[in-house]
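Student: 3D, please:
(one chain, ligands or ions: 1)
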Amino acid sequence: MIGVVPLLLLAAAVLAVAALLVRYWGALSEFRRARRMTAKLPGPPPYPVIGNALDLPYNMDDLYDTLSTFASTYGPLYRATLAHYTFVVVMDPEDMRVVMTSDKTAEKSSLYGVAESLMGRGLAIVNGDEWRRHRKAITPSLHLDILRDFVQIFSKQGAAFADTLGELADKGVMFDVTPLIGSCANQAICETVMSSDVDKDDPLKRDFLDAVPKAFDHFMYRIFRPWFLSDWVYSFHRWQFPDYLQMKNTFNLFTQRLIGDKKEALKKNEPLPQRKRQAFLDHVLSSEEGAALNDAELAEEVKTFVMLASASSMDALSFFIYMLAIHQDVQDKVRQELDDILGEDRGRLVEHSDLAHMQYTERVFKETLRIFPILPLFGRIATDDLLLPSGVTIPRGCQVGFWLPYVHRNPQWFPEPDKFDPDRFLPENSRGRHPFAYVPFSAGPRNCIGQRYAMMFLKTVAAAIVPRLRFEVPDDGPKCLEDVQLKMNLTMSVRGGANIRVHRL
Ligand code: HEM
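Tutor: Below is the predicted model of the structure:
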């Protein structure tokens with residue numbers, strides 16, 4: 001006769017298997033439904049089980065070109081599959097408006113989960129009530145009143161960056177400008193949003209900066225190899241990124257340093273800046289609204305902010321300088337505008353009131369971000385069926401992607417889309433353009449919280465460097481946009497580096 005304990009164990013095992021089957025069956029029928037509903041959409045033909053995995057490049061540097069080819073072959077709305085994931089890539093502005101503003105697609109794609117282990121559950125990743133609580137706690141710390149005070153710090157960072165470029169001009173060397181900007185952008189975010197005085201040459205800070213692109217490589221590697229999406233499966237494959245644990249450690253140590261220093265200062269009653277509102281870290285650690293974030297959440301947000309702000313500002317400014325180096329006429333016009341604003345004293349620090357007059361420079365940044373949307377690919381998940389204006393229904397459970405390089409080169413909204421023409425952003429030339437035809441900072445409730453910060457930083461640094469230096473590409477460098485080879489690892493950059501020469505003026 002079987003004893004009671006084995007019987008109970010057997011019953012528990014049967015129940016566990018039944019529960020797994022029910023769950024698996026539920027997931028399987030949802031997966032089949034999504035496949036059925038998207039089967040008629042254009043897209044690369046999938047293979048059984050693996051979907052379009054073989055269509056992806058082995059070398060991740062080719063990913064930008066592959067995704068561009070998919071978009072131009074199957075756009076403006078196509079489907080692709082990877083293992084059990086079904087993707088719909090939406091690139092028509094009217095469809096994008098619905099996806100970017102609907103409650104049914106308000107959550108970030110489940111693929112963002114791969115960033116959690118390194119970046120943490122910050123604003124860019126969390127969803128639902130957790131996201132609303134975080135966004136509400138953080139938003140006041142990026143109010144215009146505070147950003148205005150930041151301009152002075154941006155201006156000093158810009159002047160220091162101009163000095164560094166000047167030294168390279170004296171040496172007459174050709175160099176990749178991107179990493180130099182990374183350091184400037186990172187120092188700016190630490191001194192402003194984090195109100196920290198961590199030294200620019202601090203070794204931990206340098207390690208942090210070095211680790212950011214590696215972490216982004218790591219996210220992209222896993223996202224496009226869905227068999228590594230599971231942390232458990234991936235843990236057997238970490239040898240591919242031997243410095244994974246070191247990266248994780250660096251991010252945590254640097255974040256703890258920023259928060260620890262600030263807490264220490266508050267404990268010693270060091271006074272906060274005299275102003276109506278405080279910057280992010282001061283705000284979170286000293287206000288009632290900010291107290292909505294606990295210590296762990298605060299650490300995740302600091303990591304998210306420092307990573308996103310440093311990397312995106314770095315790539316945006318790098319493309320701007322590269323565009324000036326290729327288009328000397330545009331460079332002359334930017335310099336003329338800045339000379340008019342700054343007057344005789346080219347070296348003076350830029351003030352907030354100067355920024356409103358930098359209208360041509362702003363158009364150059366807008367055009368740069370049109371051609372080179374720094375975050376070219378981002379996505380959501382449909383939590384319910386969503387009918388698009390184009391008549392297509394995105395089934396629940398489906399991942400929805402946006403590929404901005406295609407969106408931003410739609411000739412309906414941007415005639416001669418491959419031409420670099422800042423004046424397409426003149427008010428008279430923008431009239432009637434679909435508001436979702438140009439979305440480098442995304443749009444709707446989950447848009448970029450750092451958009452105003454980014455534009456102020458970029459314009460201020462431009463005003464510090466362009467009047468003092470002339471940029472040019474080397475003789476064998478690109479002569480026009482078509483010659484610029486791109487790559488992406490979360491953010492996009494120039495393949496082989498944004499190599500330039502600089503001359504003092
Ligand atoms: C030129 C520079 C920048 C560009 C092009 C850019 C672009 C974007 C885009 C496209 C998104 C949406 C991503 C998605 O839906 O997954 C986003 C979100 C975000 N960005 Fe930026 N960004 C820039 C600078 C910044 C800066 C300077 C900060 C911080 C000060 C920042 C912080 C964030 C955060 C926290 C989110 C997530 C917002 C949320 O989901 O509520 N970004 N950014």
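
Student: how many neighbours does H327 have?
Tutor: Using other C-beta atoms under 10 Å, H327 is surrounded by 19 other residues. From N, CA and C alone the C-beta is placed, and that goes for glycine too.

Student: that should have said A159, apologies.
Tutor: A159 has 17 neighbours, counted by other C-beta under 10 Å.

Student: which parts of this structure sit against the ligand?
Tutor: Proximity of the chain to the ligand is confined to 108, 123-124, 135, 193, 304-305, 308-309, 312-313, 316, 369, 374-375, 378, 440-442, 446, 448-450, 453-454 under the rule C-beta under 6 Å from any ligand atom.

Student: buried residues in stretch 225-237?
Tutor: For stretch 225-237, the buried set under the neighbour-count rule, 16 or more other C-beta atoms under 10 Å, comprises R225, P226, F228, L229, Y234.

Student: next: stretch 159-173.
Tutor: Of all the residues in stretch 159-173, those buried under the rule 16+ other C-beta under 10 Å are A159, F161, A162, L165, G166, L168, A169.

Student: need these in CSV (columns: secondary structure and pLDDT).
Tutor: CSV is the format used below for the buried residues of stretch 159-173 (DSSP: H, G, I helix; E, B strand; the rest coil; pLDDT from 0 to 100):
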residue, secondary structure, pLDDT
A159, helix, 94
F161, helix, 95
A162, helix, 96
L165, helix, 97
G166, helix, 97
L168, helix, 97
A169, helix, 97
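
Student: on that earlier part again, among the buried residues of stretch 225-237, which are in helices?
Tutor: Y234 (DSSP state H).

Student: for L144, give me the pLDDT.
Tutor: Per-residue pLDDT puts L144 at 90.

Student: give me the number of residues near it?
Tutor: By the criterion of other C-beta under 10 Å, L144 has 10 neighbours.

Student: could you find the closest non-adjacent residue to it?
Tutor: Nearest non-adjacent residue to L144, counting by C-beta to C-beta, 6 or more residues apart in numbering: R452, 6.9 Å away.

Student: now Y322
Tutor: A498 is the one closest to Y322 (C-beta to C-beta, 6+ apart), at 4.5 Å.

Student: next up, the contacts around that neighbour.
Tutor: For A498, the contacting residues are D176, V177, T178, S318, F319, I321, Y322, by C-beta atoms under 8 Å, 6 or more residues apart in numbering.

Student: element containing A215?
Tutor: Using DSSP states H and E, A215 maps to helix 203-223.

Student: tell me what that helix is packed against?
Tutor: Counting contacts by 3 or more C-beta pairs under 8 Å, 6 or more residues apart in numbering; DSSP states H and E, helix 203-223 is packed against helix 116-119, helix 178-191, helix 244-267, helix 295-326, strand 486-489.

Student: which one of these lies closest to A71?
Tutor: Across the helices and strands packed on helix 203-223, the minimum distance to A71, taken as C-beta to C-beta, is reached by strand 486-489, at 13.1 Å.

Student: quick one: strands adjacent to the closest one?
Tutor: Take DSSP bridges as the rule and strand 486-489 pairs in its sheet with strand 491-494 (antiparallel).

Student: export the helices and strands packed on helix 203-223 as JSON lines, with columns for mean pLDDT and mean neighbour count.
Tutor: JSON lines is the format used below for the helices and strands packed on helix 203-223 (pLDDT from 0 to 100; neighbours: other C-beta atoms under 10 Å):
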{"stretch": "helix 116-119", "mean pLDDT": "86", "mean neighbour count": "19"}
{"stretch": "helix 178-191", "mean pLDDT": "90", "mean neighbour count": "23"}
{"stretch": "helix 244-267", "mean pLDDT": "87", "mean neighbour count": "16"}
{"stretch": "helix 295-326", "mean pLDDT": "93", "mean neighbour count": "23"}
{"stretch": "strand 486-489", "mean pLDDT": "92", "mean neighbour count": "19"}
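
Student: low-scoring stretches of the protein, by residue?
Tutor: 1-2, 5, 9, 12-26, 274-277, 290 (pLDDT under 70).

Student: spatially speaking, which residue is in the middle of it?
Tutor: The structure's the chain has its C-alpha centroid closest to L375; by C-alpha atoms, centre = their mean the separation is 4.5 Å.

Student: how much space separates that residue from I381?
Tutor: To I381, L375 is 17 Å away according to C-beta to C-beta, to the nearest Å.

Student: can you pull out the strands in this structure?
Tutor: Secondary structure of the chain by DSSP state E: the strands cover 77-82, 85-90, 107-108, 175-176, 377-381, 386-387, 393-394, 399-403, 469-472, 486-489, 491-494, 499-504.

Student: so what does the fifth one touch, helix or strand wise?
Tutor: The criterion is 3+ C-beta pairs under 8 Å, 6+ apart, and the helices and strands that strand 377-381 contacts are strand 107-108, strand 399-403.

Student: run the chain-centre distance for the shortest one.
Tutor: By that I understand strand 107-108. 15 Å (C-alpha atoms, centre = their mean, to the nearest Å).

Student: partner strands of it, parallel or antiparallel?
Tutor: Strand 107-108 is paired, per DSSP bridges, with strand 377-381 (antiparallel).

Student: list the contacts of the partner strand.
Tutor: With contacts defined as C-beta under 8 Å, 6+ apart, strand 377-381 is touched by 67, 87, 99, 105-112, 397-404, 442, 446, 488.

Student: if we can go back for a sec, adding distance to V334 and mean neighbour count, write the helices and strands packed on strand 377-381 out as CSV.
Tutor: Below are those laid out as CSV (distance: least, C-beta to C-beta, whole Å; neighbours: other C-beta atoms under 10 Å):
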stretch, distance to V334, mean neighbour count
strand 107-108, 36, 18
strand 399-403, 29, 22
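
Student: now render these as JSON lines, adding distance to A27.
Tutor: Formatted as JSON lines, those follow (distance: least, C-beta to C-beta, whole Å):
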{"stretch": "strand 107-108", "distance to A27": "17"}
{"stretch": "strand 399-403", "distance to A27": "14"}
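
Student: tell me which of those sits nearest to D354.
Tutor: strand 399-403 (33.9 Å).

Student: neighbouring contacts of that closest one?
Tutor: Contacts with strand 399-403, where a contact means C-beta under 8 Å, 6+ apart, come from 67-68, 70-71, 75, 85-91, 96, 99-100, 105, 109-111, 376-382, 394, 439, 442.

Student: likewise stretch 37-50?
Tutor: With C-beta under 8 Å, 6+ apart as the contact definition, stretch 37-50 has outside contacts at 52-55, 70, 73-74, 77-83, 86, 88, 392-395, 398.
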